[in-house]
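J.: need the 3D shape of this:
(one chain, ligands or ions: 1)
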Amino acid sequence: MKTAFHLDDATVVAYAGGSLSNCLSVVAASHVAMCDHCRAKVRRAEAVGAVLLETCEVQQMKPDALSSVFERIDGSDWVQPKTRSDASDDPDPSLPLPVSRLLDCRLDDVRWKTAGPGVGIHVIEKNDDGSSLYMLKVRPGHKLPDHGHAGQEMTLILRGAYRDVIGRFAPGDVADLDEHIEHQPVIEDGEDCICLIATEAPARFKGLVPRLLQPIVGI
Ligand SMILES: [Zn+2]
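T.: So this is what the prediction gives:
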């Protein structure tokens, strides 16, 4: 698929190095599955990482190094997203594999919770640190509330299209935004826009109504 908007270079490096958060990694992996350009960049970053590892000076590890890493893993609140074991036996071929592995049904059968007029939400993962992974389904012509971000926000378009100050986002495109961007996506006429969204922290809505709805809908 030829996409217009891609992962930021810093995101590619973090994804290839395994340091991207769980929620953001799902969106990155989904875009990479749809985008030859970013897939090639991830492979290059992985190759560079492998060379760096080979050329790094070997350092003596402390005797308890491995056990302390395992303790940190055991004590973390990192949550493994659902995988194929509890997902549908009939994955949606219209979706990239990392997304279909998280759903227990096809995209057309997702049960959406109302998040405001014209907006449905399906929360996939929500963590105590404020990060979350969810899908939005927004009706044609609808204008989403003006908002900024407290951290990185990645949005992958699965169906339909929207426009904002950056440009037009269509299926396969990813909006990889940091806390400096404020935007108000407007859905194109014709069909619902369905997006997969990962955030490091809850969005900062400007309007009172979306701010009041935010804790209720869970983003
Ligand atoms: Zn790309």
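
J.: can you give me the neighbour number for R101?
T.: By other CB atoms under 10 Å, the residues close to R101 number 20. Where C-beta positions appear, they are placed from N, C-alpha and C, glycine not excepted.

J.: oh, and call the first residue 423 from now on, that's how I've got it
T.: OK, 423 is where the count begins now, so the last one is R523.

J.: so what's it scoring on pLDDT?
T.: The model reports R523 with a pLDDT of 87.

J.: check which element follows the worst-scoring helix or strand of the chain on mean pLDDT along the chain.
T.: Scoring the helices and strands of the chain by mean pLDDT, DSSP states H and E places helix 487-497 at the bottom, with a mean of 49. Next helix or strand after helix 487-497 toward the C-terminus (DSSP states H and E): helix 519-522.

J.: give the next helix or strand downstream of that next one.
T.: Next along from helix 519-522, by DSSP H and E: strand 535-536.

J.: what lines up beside that following strand in the sheet?
T.: Strand 535-536 pairs in its sheet with strand 541-548 (antiparallel), by DSSP bridges.

J.: and the partner strand, how far out from the chain middle?
T.: Centre-to-centre, strand 541-548 and its host chain are 12 Å apart (CA atoms, centre = their mean, to the nearest Å).

J.: can you check stretch 454-466 too?
T.: The answer for stretch 454-466 is 16 Å, by CA atoms, centre = their mean.

J.: counting by contacts, list what the helix ranked longest in the chain packs against.
T.: Looking only at the chain and at elements set by DSSP state H, the helix with the highest residue count is helix 458-477. Applying 3 or more CB pairs under 8 Å, 6 or more residues apart in numbering; DSSP states H and E, one finds that helix 458-477 contacts helix 431-439, helix 444-456.

J.: give me whichever of the ones you listed is most buried.
T.: Comparing the helices and strands packed on helix 458-477 by mean neighbour count (mean count of other CB atoms under 10 Å), helix 444-456 comes out on top with a mean of 23.

J.: show me what that one is in contact with.
T.: Applying CB atoms under 8 Å, 6 or more residues apart in numbering, the external contacts of helix 444-456 come out as 423, 425, 428-429, 433, 437, 442, 460-461, 464, 500-503, 518-521, 524, 546-547, 549, 553-555, 574, 576-578, 593-594, 596, 618-622.

J.: those also near the ion: which ones?
T.: Among those, the ones lying close to the ion by the criterion of CB under 5 Å from the ion are 428, 460.

J.: circling back: I'd like the helices and strands packed on helix 458-477 as TSV, with mean pLDDT appended.
T.: Shown next, in TSV, are the helices and strands packed on helix 458-477 (pLDDT from 0 to 100):
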stretch	mean pLDDT
helix 431-439	91
helix 444-456	94
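
J.: quick one, which of the contacts of helix 444-456 are buried?
T.: Among the contacts of helix 444-456, the ones that count as buried by 16 or more other CB atoms under 10 Å are 425, 428-429, 433, 437, 442, 460, 464, 518, 520-521, 524, 546-547, 553-555, 574, 576-578, 593-594, 596, 618-622.
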